[in-house]
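# Quick one, structure for this:
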Amino acid sequence: MTAETPDPPGGKIAHDASGAPSGSFADSAAIFVSEKIPESGLEERAALTSAELKKMSAYGITSLMDAFVARAEAEVWRRLYDTGKLPMRVRMAIYVASPSDDSDEAVARLITASKAGDVDSNVLRSGVVKVFADGLMEYPAQTAALLEPYLDKSGKPTEHSGGLYFDPERLAKLVQKLDAAGLTVHVHAIGDRAVRASLDAFASARAANGDRDNRHQIAHMQLVDPADFPRFKELGVLADFQLEWAKREPATEGPLEPYLGPERYRYLYPAGSLHQAGATIIGGSDWDISSYNPFRTFQTAVTRAGAKGQKPLNIEERIPLQTAIDAYTINAAYAMKQDATTGSLEVGKRADLVVLDRDILTVDPETIQDTKVLATYLDGRLVHSASPGKAGDDDEDEEPGKWWDEREMRMRDWLHRD
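Numbering: from 1, shown residues only. Coordinates of the predicted model:
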């Protein structure tokens, strides 16, 4: 890297005061580093992924969306499927490398990649594309796109407000074409300007194509302008939050609070406001940035704090526990277009379910994260058990006792009866 090396689309190379690269590469600029790392073989990558999926099953996860799929990721998912090592329903979001390219050729490539990912309608499929609207809001990166400039450490406005990773007009045309082709568009948008530009693109698609029930989504939404709260419901855009982040911690205080000011900081991760505005909230982890433990997320969603006794982050933005649970169950199934078969316990649906060690609706909300999954079922098949000697055993120190064996026997009888 030199002072003359240009920023790639959707990325930023940090420079020091002299103009020389400082060694920090944000967002897509990380490719300069990652391309130097020797790539593991397919079998190794598949084995590592398989091991992680077992851990996910232990947290009760039965479906996931991989929100960034290029060739390497698609190969792993297909390998796991072909070898019978995919104890999970997976939907692949095809990465859109150039969201300003609205050409028919670019759209055709995305459609082709999506169709190649439609392997099994019940287990492995695509139908989703992933767009990055902006980067990160935290100082010093500040690549997230804001409607108003960032502040400096003393609270005074700067001339920097971040930037979008696409041309808004061309993205709108791209989204129109993808929407017409029946694809779901999933957008990474951190700043309020990025969220607005994404909503504008979805609005243009709806104006051009009508409501095609493609269930478009915006993820993260660290900051949303209040004027845009009602637009989620109006446009049918799903609000994909990672609510384990919605707590006071070094990442949400020092690098953020002084650079936004109190008026904007008050709306950090505005799940409560969007819920009140009628938006459909879905939940995700953004793993491996943060834990995929849903019970930790449930606790943070309702307390807006990392642990008991901690000061909450914008407590008025908390959501009801049932809303948080819905975000990970029926709403998530809706987002994945599998709500007709999963997401709730109903006659005629597939038996994807979990057995917990407590009723999370009645315990102290500050203890929800301690919830243990005793068993996870996929299609009525046991894929994880906390009982020694059973599927997915990774908690041999636990001895659930006779009551567990009796409960499991009753569960098996219920699952397999006509």
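
# Tell me the secondary structure at residue 97.
At residue 97 the chain is in coil, as set by DSSP: H, G, I helix; E, B strand; the rest coil.

# Just the local confidence number for it, please.
At residue 97, the predicted lDDT confidence score is 92.

# Kindly report the same for residue 9.
Confidence score, pLDDT, at residue 9: 76.

# So it belongs to a strand, correct?
No: counting by three-state DSSP, residue 9 falls outside a strand, being coil.

# can you give me the offset of stretch 95-109 from its chain's centre?
Per Cα atoms, centre = their mean, to the nearest Å, the displacement of stretch 95-109 from the mean C-alpha position of its chain is 22 Å.

# Figure out the length between the terminal residues of that stretch.
Length of stretch 95-109, first residue to last, Cα to Cα, to the nearest Å: 11 Å.

# Identify all contacting residues around that stretch.
Stretch 95-109 is contacted from outside by 9-10, 68-70, 110, 129-133, 165-167, 170-171, 173-174, 177-178, 181, using Cβ atoms under 8 Å, 6 or more residues apart in numbering. Just so you know, the C-beta spots here come from the backbone N, C-alpha and C atoms, and that holds for glycine as well.

# buried subset of these?
Neighbour counting with 16 or more other Cβ atoms under 10 Å marks 9-10, 69, 110, 129-133, 165-166, 170-171, 173-174, 177-178, 181 as buried within the contacts of stretch 95-109.

# Which of those residues fall within helices?
Among the buried ones among the contacts of stretch 95-109, the ones falling in helices (DSSP state H) are 110, 170, 171, 173, 174, 177, 178.

# Please identify the helix or strand for the residue lying closest to the fifth one once chain neighbours are set aside.
Same thing as residue 174. Distance criterion Cβ to Cβ, 6 or more residues apart in numbering; nearest residue to residue 174, sequence neighbours excluded, is residue 102 at 4.0 Å. If you go by DSSP states H and E, residue 102 is not part of any helix or strand.

# quick one: residue 102 and residue 191, what's the gap?
22 Å (Cβ to Cβ, to the nearest Å).

# Give me the more crowded residue out of the two.
residue 191 (31 against 20; other Cβ atoms under 10 Å).

# Just to check, that one is in contact with residue 141?
No: taking Cβ atoms under 8 Å as the definition, residue 191 is not a contact partner of residue 141, at 11.7 Å.

# which residue sits closest to residue 23, ignoring its sequence neighbours?
residue 14 (7.4 Å).

# Where does that neighbour sit: helix, strand or coil?
strand.

# What segments of the stretch 51-200 of the chain are helices?
71-82, 104-116, 168-180, 192-209 (DSSP state H, counting those that start in this stretch).

# Make sure residue 131 is actually in contact with residue 168.
No: look at residue 131 against residue 168 with Cβ under 8 Å: they stay out of range, at 11.9 Å.

# Just list the residues touching residue 39, thanks.
For residue 39, the contacting residues are residue 72, by Cβ under 8 Å, 6+ apart.

# same thing but at 10 Å, please
45, 72 (Cβ atoms under 10 Å, 6 or more residues apart in numbering).

# Also residue 111?
Here residue 111 is in contact with 94, 126, 129, 177, 178, 181, 182, 183 (Cβ under 10 Å, 6+ apart).

# so how far is residue 194 from the closest residue to the second one other than its chain neighbours?
What it means is residue 126. In space, and not counting its chain neighbours, residue 126 is closest to residue 117: 3.0 Å by Cβ to Cβ, 6+ apart. Distance from residue 117 to residue 194, counting by Cβ to Cβ: 26 Å.

# between these two, which one's more packed in?
Neighbour tally, residue 117 and residue 194, criterion other Cβ under 10 Å: the higher count belongs to residue 194, 32 against 23.

# Perfect, that will be all.
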